[in-house]
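A.B. asks: below: sequence and its predicted model.
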Protein chains: 2
Amino acid sequence: MDRLPGFRDFYPEPVPTADAWSADLRRHIFNAWSATARRYGFREYDGPPLETLELFTAKSGAEIVGQLYNFTDKGGREVALRPEMTPTLARMAAAHERQYKKPVKWFAIPQLFRYERQQKGRLREHFQFNADILGESDRAADAELIALLIDSLRALGLTRADFVIRLSSRNAWQEFFAQRGGNAANAYDFYQIIDKLEREAPEASAAKLQALGFSLDAVRGFIAAGEPTAELAAILHNLAARGLGDFVKVDYNVIRGLAYYTGPVFEAFDVRGEFRAIAGGGRYDNLVKLVSGGKVDLPALGFGMGDVVLAELLKERRLAPKLVASLDAFCLIEDETLRADSLSLVQRLRDAGLAVDYPLAPAKSDKQFKRALELGAVRTVKVERSADGALLARVKNVATRAEERTPVAAVLDLLRRG
Amino acid sequence: MDRLPGFRDFYPEPVPTADAWSADLRRHIFNAWSATARRYGFREYDGPPLETLELFTAKSGAEIVGQLYNFTDKGGREVALRPEMTPTLARMAAAHERQYKKPVKWFAIPQLFRYERQQKGRLREHFQFNADILGESDRAADAELIALLIDSLRALGLTRADFVIRLSSRNAWQEFFAQRGGNAANAYDFYQIIDKLEREAPEASAAKLQALGFSLDAVRGFIAAGEPTAELAAILHNLAARGLGDFVKVDYNVIRGLAYYTGPVFEAFDVRGEFRAIAGGGRYDNLVKLVSGGKVDLPALGFGMGDVVLAELLKERRLAPKLVASLDAFCLIEDETLRADSLSLVQRLRDAGLAVDYPLAPAKSDKQFKRALELGAVRTVKVERSADGALLARVKNVATRAEERTPVAAVLDLLRRG
């Protein structure tokens, strides 16, 4: 039986085929994300992978509908596997808003789902690092979030030579749109045209813009000038103070597809332009109010960074570490009369926090040593009985082949000396 | 908008209501599970939360059907949110069996799902620690797995005074059944009666047993004798060698509901009998062959331990640690002309791996200090400019209120001294 199309299995390294996904690389990425978030004072949260369909369709704009992994459950409810985390976060924050002092800085690493019928071979799930700040309208919050994004990528070994943050703002486009007489009812359609500008034929974009009363030249001129608005200048200044200014450039091509963004928006890209966006986010000051039915009004902002493009980028830049099996020790059991004593030693070493393995069933000496090598054991340990009946251990450094004999009671100290 | 019934939100501590689930306690449990598995040489894997319905219904026995969170996807496929991990593991292992040297020791912490119409208020998802050994038929593997189960619980602070492993065997019951003339076609029905013995009225069990040609007295006598079979004696002996013998007792009441178990089976229970089973598992030597359509034949065994009963038990025994916010430092910014210098310091401290926060927007001095306390900061750090223009930092230990002044460049060393 096969797995469903668009879903992934994650195997331990070494992965069985070149295109198989690695559970160890995933763990490496998750650890970098979590550790960076915690350094920034973000706290972990999580919600259900399944939510009411309404949570997503009512608030996220038409472009989400039709891409959802939705169905009717046995109780007749319209439900969907979450395509994004932000609506869940808004729901959770709204439900207990008074219990948390603002600003709230939260992160999660949910698995997200989508179902697009037409796209063959495309993944239907991915994991996404989500970091959000709720309850702070100062632009300092936008800068803090972008700094976290930059440092999450740096934590994986990526540098300014690998990625750049393209910073933009819905407000800048809103101003452009209003100043040139755009009809407020068309604002969202206008944003959608800007969002597709880099991917669509110029003639198509020009025609769509003209229908709203705009020229492609004016739009291009605005993007080319790239003049930071006051809010973007504040964000750039803040990031420069941290020494992160080089990682960010104003780029009004970015506007983000989702309907709910309200202010600064940004995306992380590889500098060579070989991959899709690594991450994206921005302000969504109205979403908590929408999701809570008007009960809770909190300014908010956040970003999401998926594991798929990131893993591809790390592999391409040779930044995926060599993730191999490793053990502190492998206990050889060549004399089966010493199995109980060997098990006792294994237990003592594991109790002390060491990663230890041993042959479950009797095996030949050379097979055991081969197994120790396969499992990446740093040392082998072999219990022996001396002529006077005392239990000794022969501890061998697998790399240097240097060997020491020691009383069994002293093995832990010897292994800890490294 | 509310979350779906039977699903959980996980909030950072302190959780907003007494019955809310804690993301920090969940992380504490996951960390204990992972760390123990790695000490035992288990490697991490994962599979999709959604699988073909066939993977579960065809192989797991009638008792699984009707409890599944299943639906028809947009492509017309019959699919189900995974109710257990073992079929996915068997599928994955069978797909790339030759790439991994045996025995394979793997673990995962999947979220699992079920949908039972009739059960109001019951959870429809939980997380489950799964550990499995593939490719080893020696009873030493059963002992290794049970030792991992015991040490996973000990890693959370639970002791022999809190839990016990009830060890049994399908083989023992199989022998009982065959020796007393049971019809092989009825074996599974017989196991089901034994499985429900402790929960059902004696008369009901007696009637059902009689229909298969057995007396309740004979069954009870067999359980009361509790004579370990040779395979169980080998497992007990192995665990005793590790010093874990006290944690296990033979108890033939245990037989496990799932159809696919073939040998030793076991369950972990709290000793006071106040909770449902904490964990359960056993041998399933035929499942990989079934799932692979006969292509791969691997002996296998594993256990699953859910997060719900465990979290309840830890809370009841007061073993859930006080999981509060904490920061290595909170940077006070009282003079806004020093914000850029403060941000530069915050960045340097975070780069060095410290968890640091600061007021995003200007705030009064006393509000900032209150915030530092709320976030569990060990120190506060305040950048100041001396009369001669040099940048200094005032570092305060929040607990002792002891204060030191130091050049900004020396703050990291001071904080690292602890």
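C.D. replies: Yep, that arrived.
A.B. asks: run a quick neighbour tally on the nearest residue to A:A178 once chain neighbours are set aside.
C.D. replies: If the residues on either side of it in the chain are set aside, A:A178 comes closest to A:A184, at 7.6 Å by Cβ to Cβ, 6 or more residues apart in numbering or on different chains. Bear in mind the C-beta positions are built from the backbone N, C-alpha and C, glycine included. Residues near A:A184, counting by other Cβ atoms under 10 Å in any protein chain shown, number 9.
A.B. asks: likewise A:S152?
C.D. replies: There are 28 residues near A:S152, going by other Cβ under 10 Å.
A.B. asks: please apply the same query to A:V15.
C.D. replies: A:V15 has 19 neighbouring residues, counting by other Cβ under 10 Å.
A.B. asks: name the residues of the stretch 101-250 of chain A found near chain B, please.
C.D. replies: Within the stretch 101-250 of chain A, the positions near chain B by Cβ under 8 Å from any Cβ of the partner chain are A:101, A:103, A:105-106, A:111, A:113, A:115, A:117, A:125, A:133, A:136, A:138, A:140-141, A:144, A:147, A:151, A:237-238, A:241-244.
A.B. asks: which of those fall in strands?
C.D. replies: A:105-106, A:111, A:113, A:125, A:133 (DSSP state E).
A.B. asks: the residues you listed into CSV, with extra columns for pLDDT and neighbour count?
C.D. replies: What follows is these, written out as CSV (pLDDT from 0 to 100; neighbours: other Cβ atoms under 10 Å in any protein chain shown):
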residue, pLDDT, neighbour count
A:K105, 97, 24
A:W106, 98, 23
A:Q111, 98, 18
A:F113, 97, 25
A:E125, 97, 21
A:I133, 98, 25
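A.B. asks: from the residues of the stretch 101-250 of chain A next to chain B, list the buried ones, please.
C.D. replies: A:103, A:105-106, A:111, A:113, A:115, A:125, A:133, A:136, A:138, A:140-141, A:144, A:147, A:151, A:237-238, A:241-242, A:244 (16 or more other Cβ atoms under 10 Å in any protein chain shown).
A.B. asks: give me the distance between A:V248 and chain B.
C.D. replies: To chain B, A:V248 is 14 Å away according to Cβ to the nearest Cβ, to the nearest Å.
A.B. asks: check contacts around A:N286.
C.D. replies: A:260, A:262 (Cβ atoms under 8 Å, 6 or more residues apart in numbering or on different chains).
A.B. asks: hang on, A:S22 packs against A:D9?
C.D. replies: No: judged on Cβ atoms under 8 Å, A:S22 makes no contact with A:D9 at a distance of 10.4 Å.
A.B. asks: care to break chain A down by domain?
C.D. replies: A:10-316, A:327-416 (automatic domain parsing).
A.B. asks: now do the same end-to-end measure for the longest one.
C.D. replies: End-to-end distance for domain A:10-316, by Cα to Cα, to the nearest Å: 19 Å.
A.B. asks: helices along the stretch 101-250 of chain A, start to end?
C.D. replies: Ranges of helices in the stretch 101-250 of chain A, per DSSP state H, counting those that start in this stretch, are A:139-154, A:170-179, A:187-196, A:202-211, A:216-225, A:230-241.
A.B. asks: mind checking pLDDT for the residue sitting nearest the centre point of chain A?
C.D. replies: For chain A, the residue nearest the mean C-alpha position is A:F129 (3.4 Å; Cα atoms, centre = their mean). A:F129 is assigned a pLDDT of 98 by the prediction.
A.B. asks: so what's it up against?
C.D. replies: A:33, A:37, A:107, A:109, A:152, A:279, A:304-307.
A.B. asks: still on that earlier bit, most tightly surrounded among the helices of the stretch 101-250 of chain A?
C.D. replies: helix A:139-154 (a mean of 25; mean count of other Cβ atoms under 10 Å in any protein chain shown).
A.B. asks: ok, the nearest residue to A:K101 once chain neighbours are set aside - how many residues close by?
C.D. replies: Closest residue to A:K101 apart from its sequence neighbours, by Cβ to Cβ, 6+ apart: B:E374 at 5.6 Å. Using other Cβ under 10 Å, B:E374 is surrounded by 13 other residues.
A.B. asks: and what of A:T400?
C.D. replies: By other Cβ under 10 Å, 7 other residues sit near A:T400.
A.B. asks: next one: stretch A:42-56 to chain centre, how far?
C.D. replies: 16 Å (Cα atoms, centre = their mean, to the nearest Å).
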